[in-house]
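K.L.:
sequence plus the predicted model coming up.
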Amino acid sequence: MPDPRVTAPPVHRRKELARAWTRSTTSATYIPRSIDDVEVVLLELVDEVLASLGAEKFSVSAGTRIGARLVSEGFVDPHALAATINVLSHELLADLTSTPDTELARRTVALLGAMSSGYADELRAYTLARQEEVKQALFNAVLRAEHDLRGIENRFHEVFTSSATGIAITDLDGMCIEANPALAAILATNPDRLPGRMLTDIFRDEGAGDVMAAYRRILDGEKSRVQEHRRLRKDDGEAAWVLLAISMLKDGAGDPAYFVTMVQDVTELHLLQDRLGHQLLYDALTGLANRQCFHTKLESMLERADPLATITLCCLNLDAFALVNNSFGHSVGDRLLQVVSRRLEAVVSEENALVARIAGDEFAVLIKDSPTTPDLGDLIGTLTEELANPEYIDGIGVAAGASVGAVRRPAGEGNAIELFRAADTALRKAKATGRRQWAEFHEDEDGPALELDRLAASLPSAWEVGELTVDFTPVVRLSDREPVGARAVLTWSEADHATCLRLAERTGWSVHIGPLLLLEACKGFAGSPGSLRVQLTRNQSGDADLVAAVRTALEESGLAAGRLELSLDVGALLDDFADARDNLEVLADIGVCVGLCGVTGGPLDLDLVSTTGVRSVTLSGALGAGSPVLAEETARTVRMFNSLGAACSVLDVPALESADWWASIGVATAQGGVFGES
């Protein structure tokens, strides 16, 4: 089963991908087989790649197998691997429309990295096998020299000179006796310049230690052969990464006679692995550090900094960035992200700072404060002002406002995770107050906010284990205090019904719990007298699947449609949010009693009741009779709703005296409060 978090790999283009792979590799290097054979092999490997990327449980083992098979199928030139990585990374990620930090991008990079590793291991084994063959040929040539010296010398010379692997034969002191053209090519020198030179001069190491140490271990009998990677300086001044395979040749008496060193140039493979490593830590579009790299460097900065020295972390979220993508296309959006990156780096260029792109349109700025670092307000003002200036891209002037959350604290107070969470909490606070706002993290506000975050995140599991359940509070007719039905509410030891719904709205889980709440409420109430009231949130009211959920709940519970009173959020209807208007009309058509909740009695509320099939409105108990003006206006509102044919109900009446007042102004029913907690 595919992982729902992963953008689906382009399985429908498997043949196209195989052909592109074939073209890329065959044009990059010579492969000793027909084009058709190559395409058949690569089509099999494409299927393995796509299956691995789309698997529910991702593993890089397929990448290792694919890399190894490339070598076994004859793709032994590193140019073939480079072509493979280029075409696969381009084709597999071509359909992505979000950040390169998506799950498919992460899997693709990890799979390609494993493919490179598998290729390197198999190529090393392939190289060593060829090297062993060459060495054995050399050794056999010496043994047969007495019988056919000239023929052996000719064969040896052919193998020695035509080998693609560099070969050096040295005496036991490390002086080169003979070297083949391939070694000269690797070291960018003339073959005639190698004989007579010492290994320490030929293999000028760039920091891996004494070159002759490996030879001494073999001579001392510690090792029979040694393999090691080294970074050498070529005669033209360039660096080369090589794999050295060192072994010894013995004379007829079995005594050490010569060293044989096989040299494989793996520079391109090493650079390719470096590039893949860079892609794992840096954003491909902007070149900034990604979330993983940023978090690592944040940890490092906190560890090295003086505990009393302050650190500033700002999290920025671009406002309405989606509008740029939707209006002008993703190419303009991508270039705007690049502009934002450059501007953020420019603002903090005089500081000891790091800028990162941590999500699609989210950035972070980390500063190790100095005496000249501006105060937080000035710093954020400079950042947002710089971003607000329009940038002209293909003649289109676009700008990126940003909401910012910031925290400034001593390095010794908390770790990287806590610091990042504090900045993110401040960012959410800023976004809640509107666009292009900023907020600073305050410790005294964090406790309640963190507790609400914990509760919001716990809602799904609380429902799953039965801690969050559906209960009922009575709906009472105010004229005689008789119950006429019940209202469905969520019951949880951690929070009341209103808090549960508010937290569910915040996480988007309210749309998921809505149908479950309806079904459980209808089943639980079906055998009771009166009507069942269910009040919906804004997101639930606009849910495209609301009508289907209502039909299912009625069918499975056997509750008659006329006994269900469903109250939609008045704000969702007035804003024409999602499918709220359509839901109101269809629910009325199937016989459900449709009401409104969240009503304050404004002109737009009254107009909505007069132009729709709304049959009830639920008022907040906060309206009440707190002052003569409020009491008079509330009474007038109730009379208006009643005249329009909508019965009024009130939530959370605090006392029986208040219930008498609500009854006196024409309110029909009450829910919660003195008649039952909600």
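P.N.:
Now that the structure is in, tell me what you want to look at. What you see is a predicted model, and the numbers here were worked out from it, not measured in a lab.

K.L.:
alpha carbons only for contacts and neighbour counts from here, please
P.N.:
Fine.

K.L.:
for the helix ranked longest in the chain, name the packing helices and strands.
P.N.:
Of all the segments of type helix in the chain, defined by DSSP state H, the longest one is helix 103-143. Counting contacts by 3 or more Cα pairs under 8 Å, 6 or more residues apart in numbering; DSSP states H and E, helix 103-143 packs against helix 35-54, helix 61-72, helix 78-92, helix 145-162, strand 256-265, helix 267-281.

K.L.:
recalculate using a threshold of 7 Å.
P.N.:
helix 61-72, helix 145-162 (3 or more Cα pairs under 7 Å, 6 or more residues apart in numbering; DSSP states H and E).

K.L.:
hey, least reliable of the ones you listed by pLDDT?
P.N.:
Looking at these, the lowest mean pLDDT belongs to helix 145-162 (a mean of 60).

K.L.:
following that one, which helix or strand shows up next?
P.N.:
Next in sequence after helix 145-162, counting helices and strands by DSSP states H and E, comes strand 166-170.

K.L.:
the inter-axis angle of that following strand versus strand 256-265?
P.N.:
Strand 166-170 runs at 160 degrees relative to strand 256-265, counting by axes from the mean of the first three to the mean of the last three Cα atoms, to 10 degrees.

K.L.:
the inter-axis angle of strand 166-170 versus helix 103-143?
P.N.:
Going by the same axes, to 10 degrees, strand 166-170 makes 40 degrees with helix 103-143.

K.L.:
now the helices: where do they sit in the stretch 451-600 of the chain?
P.N.:
For the stretch 451-600 of the chain, the helices defined by DSSP state H, counting those that start in this stretch cover 497-507, 510-525, 538-541, 546-557, 570-574, 580-589.

K.L.:
list the buried residues in the last one.
P.N.:
Think helix 580-589. For helix 580-589, the neighbour count (16 or more other Cα atoms under 10 Å) marks 580-581, 583-584, 587-588 as buried.

K.L.:
where's Arg506 relative to Cys500, distance?
P.N.:
10 Å (Cα to Cα, to the nearest Å).

K.L.:
between these two, which is the more surrounded one?
P.N.:
Comparing Arg506 with Cys500 by other Cα atoms under 10 Å, the one with more neighbours is Cys500, at 22 against 13.

K.L.:
for Gln338, which non-adjacent residue is spatially closest?
P.N.:
Among residues not flanking Gln338 along the chain, Thr286 sits closest, at 5.1 Å (Cα to Cα, 6 or more residues apart in numbering).

K.L.:
let me know the secondary structure of that neighbour.
P.N.:
Here Thr286 is recorded as coil under DSSP: H, G, I helix; E, B strand; the rest coil.

K.L.:
number of nearby residues for Pro256?
P.N.:
The local packing of Pro256 (other Cα under 10 Å) involves 15 other residues.

K.L.:
show me where pLDDT drops low in this structure?
P.N.:
Across the chain, the ranges flagged by pLDDT under 70 are 1-8, 95-102, 141-159, 205-209, 269-281, 444-447, 625-626, 677-678.

K.L.:
how about the strands in the stretch 251-400 of the chain?
P.N.:
256-265, 310-318, 352-357, 362-368, 391-393, 396-398 (DSSP state E, counting those that start in this stretch).

K.L.:
just checking: what are the partner strands of the first one?
P.N.:
Strand 256-265 has the following sheet partners, assigned by DSSP bridges: strand 166-170 (antiparallel), strand 239-250 (antiparallel).

K.L.:
pull out the buried positions in the longest one.
P.N.:
In other words, strand 239-250. For strand 239-250, burial by neighbour count (16+ other Cα under 10 Å) applies to 239-249.

K.L.:
same question for stretch 39-50.
P.N.:
39, 42-43, 45-46, 49-50.

K.L.:
please tabulate those in a markdown table, including the columns distance to Ala400.
P.N.:
Output for the buried residues of stretch 39-50, formatted as a markdown table (distance: Cα to Cα, whole Å):
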| residue | distance to Ala400 |
| --- | --- |
| Glu39 | 46 |
| Leu42 | 44 |
| Leu43 | 44 |
| Leu45 | 43 |
| Val46 | 40 |
| Val49 | 38 |
| Leu50 | 37 |
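
K.L.:
closest one to Val599 out of these, please.
P.N.:
Set against Val599, the nearest of the buried residues of stretch 39-50 by Cα to Cα is Leu50 (53.0 Å).

K.L.:
show me the contacts for that closest one.
P.N.:
By Cα atoms under 7 Å, 6 or more residues apart in numbering, Leu50 lies in contact with 9, 11.

K.L.:
if you set the cut-off to 8 Å instead, what comes out?
P.N.:
Taking Cα atoms under 8 Å, 6 or more residues apart in numbering, we find Leu50 in contact with 9-11.

K.L.:
will you turn the residues you listed into CSV that also has secondary structure and neighbour count?
P.N.:
Formatted as CSV, those follow (DSSP: H, G, I helix; E, B strand; the rest coil; neighbours: other Cα atoms under 10 Å):
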residue, secondary structure, neighbour count
Pro9, coil, 24
Pro10, coil, 17
Val11, helix, 16
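
K.L.:
and which of the residues you listed is nearest to Glu464?
P.N.:
Pro9 (31.9 Å).

K.L.:
so what's in contact with Arg506 and Cys500 at the same time?
P.N.:
By Cα under 8 Å, 6+ apart, the residues touching both Arg506 and Cys500 are Ala456.

K.L.:
and the contacts of stretch 350-366?
P.N.:
With contact meaning Cα under 8 Å, 6+ apart, stretch 350-366 is reached by 98-99, 101, 283, 286, 288-291, 294, 298, 311-318, 321, 337, 341, 344-345, 367-370, 373.

K.L.:
weed out the non-buried ones from these.
P.N.:
Buried residues within the contacts of stretch 350-366, defined by neighbour count using 16+ other Cα under 10 Å: 99, 101, 283, 286, 288-291, 294, 298, 311-318, 321, 337, 341, 344-345, 367-369, 373.

K.L.:
of the buried residues of strand 239-250, which is the nearest to Ala486?
P.N.:
Nearest to Ala486 among the buried residues of strand 239-250, with distances taken as Cα to Cα, is Trp241, at 77.8 Å.

K.L.:
contacts only, for the closest one.
P.N.:
229-232, 265-267, 270.

K.L.:
gap between it and Arg230?
P.N.:
Separation of Trp241 from Arg230 (Cα to Cα): 6 Å.

K.L.:
if we can go back for a sec, which one of the buried residues of stretch 39-50 is nearest Gly673?
P.N.:
Closest to Gly673, out of all of the buried residues of stretch 39-50 and judged by Cα to Cα, is Leu50, at 58.5 Å.
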